[in-house]
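Undergrad: return atomic coordinates for the entry below.
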Amino acid sequence: MIATIEQEIVHRKAWMSKEEMGDMVSISGSAPGGVAVNSAAFIGYRLGGWLGAIAAVIAITLPTFLIVFLLSALSAMFKDNMKVAAALKGIHAAVVALIMVAAVKMWKSSVLDTATLVITILTVTLLLLTGIHSLYLILGGPLAGILIVYMKKKCGLTVQTEKGQGEPERELHFPEYYI
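TA: Here you go, the predicted structure:
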């Protein structure tokens, strides 16, 4: 996705330089939401101010919204069809696999040390075994991270915020065209 955006924005349209594109991807990746939507908002704002950002976000989200809306209407019409039910069962398995791949990628980039491992295990346990709403866990994550960094600094321990450069990283080999 990012390579396609770069090809269009940097090389074909020349709306920004390669360095600016790198900055945009960093900002888009760190902001909440999808990189494509955030990139569209960034580029739209750069080209047309707030109206440009709004137009760009609508332009990138409207096709997906319309497709999901159409599929929802069609699924209601064909909900009793056995072939459609079987196809949806197969799609369900594929979606579970895609979520697992995303979880593994997030694990590799997020679990840095014992503290982040404990937070991850605690969060998953609370999510699965209690009635705590996931929003509270999502909001609690950054707070736990801030608290751990504060406590580590106060105790004179080193704070690791990224994977170490010397660590060997095993790669999972799977196509990324669906992400």
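
Undergrad: pLDDT (mean, whole number) over stretch 61-81?
TA: When pLDDT is averaged over stretch 61-81, the result is 88.

Undergrad: make 682 the first number, not 1, from now on.
TA: Sure thing, new numbering starts at 682, so read that last one as stretch 742-762.

Undergrad: what sits up against it?
TA: The list of residues contacting stretch 742-762 from outside it, by C-beta atoms under 8 Å, 6 or more residues apart in numbering, reads 718, 765, 766, 769. Any C-beta I mention is one placed from the backbone N, CA and C, and that applies to glycine too.

Undergrad: out of these, which are buried?
TA: With burial judged by 16 or more other C-beta atoms under 10 Å, the buried subset of the contacts of stretch 742-762 is residue 718.

Undergrad: following element in sequence after the lengthiest helix in the chain, please.
TA: Ranked by residue count, the top helix of the chain under DSSP state H comes out as helix 716-758. Helices and strands here follow DSSP states H and E; after helix 716-758, the next one along the chain is helix 763-791.

Undergrad: what's the angle from that next one to helix 716-758?
TA: Going by axes from the mean of the first three to the mean of the last three C-alpha atoms, to 10 degrees, helix 763-791 is angled at 160 degrees with respect to helix 716-758.
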